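1. no sequence on hand, only this structure:
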C-alpha cells in the first residue's frame with residue numbers, strides 16, 4: 001500500500017473515531033445495510049404512496065407500527081450488552097456452576113457476540129426508526145402525546161449516536177449509557193401509548 005493510500009485511510013471519518021479496523025468494517029457494513037434499507041423503504045413508499053394514503057387509518061397505523069416493533073426488539077438486543085458486561089464484573093459469578101458448566105463462560109461468549117453486533121444492529125434499527133417516523137409524518141402529523149414522545153425519542157437517539165462515536169475513544173463520560181437508558185424509557189413510553 002502506498003503512503004498516499006495509507007494516509008487517506010487513516011484520515012477517513014470512521015478511522016478518526018473508531019481505532020479498531022474490525023469494528024470500523026462492521027460499522028461500515030452496518031451503515032451500508034442501513035442506507036440500503038432506507039433507500040429501498042423510501043422507494044417502496046413513494047411507489048405505493050397512493051395505495052398507502054387510501055388505506056384505512058387503522059390498517060395504516062398497524063403497518064406503521066411494524067417498523068417500530070421490529071426496531072424495539074433489535075434495540076433491546078443492542079441494549080443487552082450493558083447487563084451482560086455488568087454481570088461479568090460480579091465477583092460471585094465465578095462460583096455459579098452446574099456440573100461442569102460455568103455461567104461465566106456463557107456470559108463471556110454472549111458479551112463478545114453482543115459487543116460485536118452492538119453498533120451494526122443499532123444502525124440498522126435506527127434506519128427502521130427513520131422509516132417509521134417518515135410513515136408517521138406523511139399520513140398526517142398531529143401534536144399528540146404519542147408523536148411528541150416519538151420526536152423526543154428520535155432527538156435523544158441522535159445524541160445517543162453521537163456519544164456512541166465518542167464512546168470508542170472513552171471520551172463520552174458515560175453519557176452514551178445515560179442517553180441509552182433515557183432513550184429506552186422514552187421509546188417504551190412512546191410505544192405504550194401509541
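-> Yep, it's here. Owing to the predicted nature of the structure, the values given are computational and were not obtained by experimental measurement. Numbers count the residues shown, from 1 in each chain.
2. so which residue is smack in the middle of this protein?
-> residue 122 (2.1 Å; Cα atoms, centre = their mean).
3. please, which helix or strand holds the closest residue to that residue other than its chain neighbours?
-> What sits nearest to residue 122 in space, not counting adjacent residues and going by Cβ to Cβ, 6 or more residues apart in numbering, is residue 78, at 4.7 Å. Backbone N, C-alpha and C define where each C-beta goes, glycine included. Per DSSP states H and E: residue 78 is located in helix 57-79.
4. that helix: how far from the chain's middle?
-> 13 Å (Cα atoms, centre = their mean, to the nearest Å).
5. count of residues packed around the nearest residue to residue 35 once chain neighbours are set aside?
-> Computed as Cβ to Cβ, 6+ apart, the closest residue to residue 35 that is not its neighbour in sequence is residue 127, at 7.7 Å. Using other Cβ atoms under 10 Å, residue 127 has 21 other residues around it.
6. in contact with residue 127, which residues?
-> 33, 34, 35, 37, 38, 41 (Cβ atoms under 8 Å, 6 or more residues apart in numbering).
7. give me the buried subset of these.
-> Buried positions within these, assessed by neighbour count (16 or more other Cβ atoms under 10 Å), are 34, 37, 38, 41.
8. what helix or strand is the third one on?
-> Counting by DSSP H and E, the element that carries residue 38 is helix 21-47.
9. buried residues in that helix?
-> Result for helix 21-47 [16+ other Cβ under 10 Å]: buried residues 23, 24, 26, 27, 30, 31, 34, 37, 38, 41.
10. format those as JSON lines; extra columns: pLDDT and distance to residue 66.
-> Converted to JSON lines, these look like this (pLDDT from 0 to 100; distance: Cβ to Cβ, whole Å):
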{"residue": "23", "pLDDT": "87", "distance to residue 66": "30"}
{"residue": "24", "pLDDT": "89", "distance to residue 66": "32"}
{"residue": "26", "pLDDT": "90", "distance to residue 66": "26"}
{"residue": "27", "pLDDT": "90", "distance to residue 66": "26"}
{"residue": "30", "pLDDT": "92", "distance to residue 66": "21"}
{"residue": "31", "pLDDT": "93", "distance to residue 66": "23"}
{"residue": "34", "pLDDT": "95", "distance to residue 66": "18"}
{"residue": "37", "pLDDT": "94", "distance to residue 66": "14"}
{"residue": "38", "pLDDT": "94", "distance to residue 66": "16"}
{"residue": "41", "pLDDT": "93", "distance to residue 66": "12"}
